[in-house]
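>>> pasting a predicted model and its sequence here:
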Amino acid sequence: QVQLVESGGGLVQPGGSLRLSCAHSGSISDYRIIAWFRQPPGKDREGVACIDVRDGKSYVTTAMQGRFTISRDNANNTVYLQTDDPKPEDTAVYYCAATNWGLNLNTITYNHWGQGTQVTVSS
(Lines give C-alpha, C1' and ligand atoms only; values in the text may rest on other atoms or scores of the structure.)
Protein backbone atom coordinates (compact mmCIF):
# COMPACT_ATOMS: atom_id res chain seq x y z
CA GLN A 1 0.00 0.00 0.00
CA VAL A 2 1.37 3.38 -1.01
CA GLN A 3 1.61 5.93 1.79
CA LEU A 4 2.37 9.63 1.35
CA VAL A 5 3.00 12.04 4.21
CA GLU A 6 3.55 15.76 3.63
CA SER A 7 5.38 18.06 6.02
CA GLY A 8 6.97 21.49 6.09
CA GLY A 9 3.90 23.68 5.81
CA GLY A 10 3.03 26.62 8.03
CA LEU A 11 3.34 30.38 7.97
CA VAL A 12 5.98 31.71 5.58
CA GLN A 13 6.95 35.32 4.91
CA PRO A 14 6.89 36.63 1.36
CA GLY A 15 10.35 36.40 -0.12
CA GLY A 16 11.41 33.85 2.46
CA SER A 17 12.09 30.17 1.87
CA LEU A 18 9.74 27.24 1.72
CA ARG A 19 10.56 23.55 1.46
CA LEU A 20 7.90 20.90 1.61
CA SER A 21 8.66 17.22 2.07
CA CYS A 22 6.74 14.19 0.89
CA ALA A 23 7.76 10.96 2.57
CA HIS A 24 6.62 8.08 0.37
CA SER A 25 6.51 4.35 0.99
CA GLY A 26 5.03 1.26 -0.57
CA SER A 27 5.71 -1.05 -3.44
CA ILE A 28 7.78 0.70 -6.09
CA SER A 29 5.79 -1.24 -8.66
CA ASP A 30 2.74 0.76 -7.62
CA TYR A 31 4.18 4.15 -8.45
CA ARG A 32 7.11 5.89 -10.05
CA ILE A 33 5.86 9.46 -10.33
CA ILE A 34 5.45 11.72 -7.31
CA ALA A 35 3.75 15.06 -7.86
CA TRP A 36 2.87 18.14 -5.89
CA PHE A 37 -0.54 19.72 -6.26
CA ARG A 38 -2.04 22.64 -4.41
CA GLN A 39 -5.50 23.97 -3.71
CA PRO A 40 -5.79 27.68 -2.94
CA PRO A 41 -8.78 28.84 -0.87
CA GLY A 42 -11.94 28.70 -2.94
CA LYS A 43 -10.16 27.40 -6.04
CA ASP A 44 -9.65 24.10 -7.79
CA ARG A 45 -6.70 21.85 -7.17
CA GLU A 46 -3.82 22.57 -9.54
CA GLY A 47 -0.60 20.82 -10.41
CA VAL A 48 2.75 22.31 -9.44
CA ALA A 49 5.48 19.81 -10.31
CA CYS A 50 6.19 16.11 -10.69
CA ILE A 51 9.24 13.85 -10.68
CA ASP A 52 10.09 10.31 -11.71
CA VAL A 53 11.65 8.83 -8.58
CA ARG A 54 13.53 6.23 -10.63
CA ASP A 55 15.40 8.42 -13.10
CA GLY A 56 14.95 11.92 -11.65
CA LYS A 57 13.27 13.43 -14.70
CA SER A 58 10.96 16.20 -13.61
CA TYR A 59 8.49 18.78 -14.80
CA VAL A 60 7.33 22.07 -13.30
CA THR A 61 4.18 23.63 -14.62
CA THR A 62 4.93 26.57 -16.89
CA ALA A 63 3.46 29.24 -14.63
CA MET A 64 5.73 28.20 -11.79
CA GLN A 65 8.94 27.50 -13.62
CA GLY A 66 11.76 29.56 -12.24
CA ARG A 67 10.21 29.76 -8.77
CA PHE A 68 9.53 26.18 -7.74
CA THR A 69 11.88 23.22 -7.92
CA ILE A 70 11.20 19.55 -7.26
CA SER A 71 13.83 17.07 -6.19
CA ARG A 72 14.14 13.61 -4.71
CA ASP A 73 16.21 11.85 -2.07
CA ASN A 74 15.82 8.16 -2.71
CA ALA A 75 17.97 7.22 0.28
CA ASN A 76 15.24 8.69 2.47
CA ASN A 77 12.27 8.05 0.15
CA THR A 78 11.45 11.74 0.14
CA VAL A 79 10.45 14.19 -2.56
CA TYR A 80 10.86 17.91 -1.96
CA LEU A 81 9.16 20.99 -3.34
CA GLN A 82 11.02 24.23 -2.78
CA THR A 83 10.70 27.91 -3.53
CA ASP A 84 12.95 30.75 -2.44
CA ASP A 85 10.42 33.36 -3.45
CA PRO A 86 7.06 32.50 -1.89
CA LYS A 87 4.26 34.92 -2.65
CA PRO A 88 0.88 35.44 -0.98
CA GLU A 89 -0.79 33.78 -3.98
CA ASP A 90 1.08 30.57 -3.11
CA THR A 91 -1.14 30.22 -0.05
CA ALA A 92 -2.82 26.84 -0.40
CA VAL A 93 -3.08 23.32 0.90
CA TYR A 94 -0.26 21.39 -0.75
CA TYR A 95 -0.70 17.70 -1.52
CA CYS A 96 1.68 15.08 -2.80
CA ALA A 97 0.36 12.29 -4.95
CA ALA A 98 1.67 9.19 -6.70
CA THR A 99 0.95 7.39 -9.94
CA ASN A 100 2.41 4.84 -12.29
CA TRP A 101 1.57 6.94 -15.33
CA GLY A 102 4.24 9.11 -16.91
CA LEU A 103 5.15 12.66 -15.96
CA ASN A 104 1.90 14.60 -15.89
CA LEU A 105 -0.10 16.91 -13.66
CA ASN A 106 -3.56 15.60 -14.40
CA THR A 107 -5.24 14.86 -11.05
CA ILE A 108 -7.32 12.01 -12.44
CA THR A 109 -4.22 9.93 -13.18
CA TYR A 110 -3.10 10.00 -9.53
CA ASN A 111 -4.59 7.28 -7.34
CA HIS A 112 -2.57 7.81 -4.17
CA TRP A 113 -2.78 11.05 -2.18
CA GLY A 114 -1.43 12.45 1.04
CA GLN A 115 -3.51 14.36 3.56
CA GLY A 116 -2.07 17.74 2.60
CA THR A 117 -0.17 20.46 4.43
CA GLN A 118 -1.32 24.06 4.77
CA VAL A 119 1.00 26.79 3.56
CA THR A 120 0.19 30.41 4.33
CA VAL A 121 2.38 33.12 2.83
CA SER A 122 1.87 36.34 4.73
CA SER A 123 3.83 39.04 6.47
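That came through fine.
>>> can you count the residues close to residue 30?
Look at residue 30: counted by other C-beta atoms under 10 Å, it has 13 neighbours. For every residue, glycine as well, the C-beta is placed using N, CA and C.
>>> list phi and psi for it.
phi -90, psi -10 (degrees, to the nearest 10).
>>> let me see the contact set for it.
Residue 30 sits next to 2, 98, 100, 112 when contact means C-beta atoms under 8 Å, 6 or more residues apart in numbering.
>>> separation between the spatially most central residue of the chain and residue 55?
Centroid-nearest residue in the chain: residue 36, 2.2 Å away (criterion: C-alpha atoms, centre = their mean). Applying C-beta to C-beta, to the nearest Å, the value for residue 36 to residue 55 is 18 Å.
>>> same deal with residue 45?
26 Å.
>>> enumerate every residue touching the residue of the chain positioned farthest from its centre.
For the chain, the largest distance from the centre (C-alpha atoms, centre = their mean) belongs to residue 123, which lies 23.2 Å off. Residues in contact with residue 123, defined by C-beta under 8 Å, 6+ apart, are 13-14.
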